[in-house]
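Enquirer: Mind looking at a prediction? Sequence and model below.
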Amino acid sequence: MTIKPLIILPDPLLREVSKPVERVDAEILKLADDMLETMYEAPGIGLAAIQIGVARRLLVLDVAREGEDKQPLVVINPEIIAASETRSVYEEGCLSIPDYYAEVERPADVTVRFINRAGKEETLEATGLLSTCMQHEIDHLNGVLFIDHISRLKRDMVIRKFTKVAKSKA
Ligand code: NI
């Protein structure tokens with residue numbers, strides 16, 4: 001397994017729409033393992049392939065608490081097939097927008113259909129933190145970031161700040 005460098009805001013790759021995974025082969029499983037390794041190292045609770053520069057509809061998640069056993073989840077070609085009317089608010093962050101957090105409101109529960117690492121279709125009813133994390137990561141596959149769900153004023157501020165940092169490093 002390899003820890004991959006993370007793509008950071010304002011890299012335009014983060015705005016790309018990822019393409020479906022055509023088949024779950026050794027290459028995809030290796031990519032999933034690298035993503036898990038990269039996510040745990042960061043540390044984070046979710047990572048989309050585009051965050052390491054691969055525009056494929058593939059996510060890894062693990063919302064287990066500290067001290068609990070790891071619960072790695074590999075999610076391929078996910079689709080939200082139902083969302084609750086009830087909404088919930090979580091403070092979100094993103095490995096591509098380091099050290100920035102903001103409250104985001106989303107449907108509290110979602111039902112997600114996806115292909116698992118065994119190549120089998122699976123349906124998962126996600127609640128709580130897993131639901132928020134799943135929606136945040138699926139957004140990445142569509143080029144959407146959590147800052148797109150906050151006020152324009154705050155979003156512009158964050159983008160300006162990260163653009164400045166990127167320029168100073170260039
Ligand atoms: Ni993110």
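Expert: Yep, that arrived. Numbers count the residues shown, from 1 in each chain.

Enquirer: and residue 15, what is it in contact with?
Expert: residue 143 (C-beta atoms under 8 Å, 6 or more residues apart in numbering). From N, CA and C alone the C-beta is placed, and that goes for glycine too.

Enquirer: any idea how far residue 38 is from the nearest residue to residue 42 once chain neighbours are set aside?
Expert: Computed as C-beta to C-beta, 6 or more residues apart in numbering, the closest residue to residue 42 that is not its neighbour in sequence is residue 95, at 5.2 Å. Counting by C-beta to C-beta, to the nearest Å, the separation of residue 95 from residue 38 is 8 Å.

Enquirer: Compare these two (neighbour count), which wins?
Expert: Each of residue 95 and residue 38 has its neighbours counted (other C-beta atoms under 10 Å); residue 38 has more, 22 against 19.

Enquirer: Residue 80 - that's part of a helix, no?
Expert: No - looking at residue 80 with DSSP: H, G, I helix; E, B strand; the rest coil, it is strand, so not inside a helix.

Enquirer: Now do the same contact list for it.
Expert: Residue 80 makes contact with 110-112, 134-135, 138, according to C-beta under 8 Å, 6+ apart.

Enquirer: Give the other helices and strands that the longest helix along the chain contacts.
Expert: Assignment by DSSP state H gives helix 152-169 as the longest helix of the chain. Where contact means 3 or more C-beta pairs under 8 Å, 6 or more residues apart in numbering; DSSP states H and E, helix 152-169 is packed against strand 97-107.

Enquirer: picking that back up, in contact with the residue nearest to residue 42, which residues?
Expert: Contact analysis of residue 95 by C-beta under 8 Å, 6+ apart lists 6, 39, 42, 44, 47, 51.

Enquirer: again, but for residue 49
Expert: For residue 49, the contacting residues are 18, 31, 35, 55-59, by C-beta under 8 Å, 6+ apart.

Enquirer: and if we set it to 7 Å?
Expert: Neighbouring residues of residue 49 by C-beta atoms under 7 Å, 6 or more residues apart in numbering: 18, 31, 35, 56, 58.

Enquirer: now it: how far from residue 141?
Expert: 8 Å.

Enquirer: about what we covered before: which one of the contacts of residue 49 is nearest residue 153?
Expert: For these, the closest approach to residue 153 (C-beta to C-beta) belongs to residue 18, at 28.8 Å.
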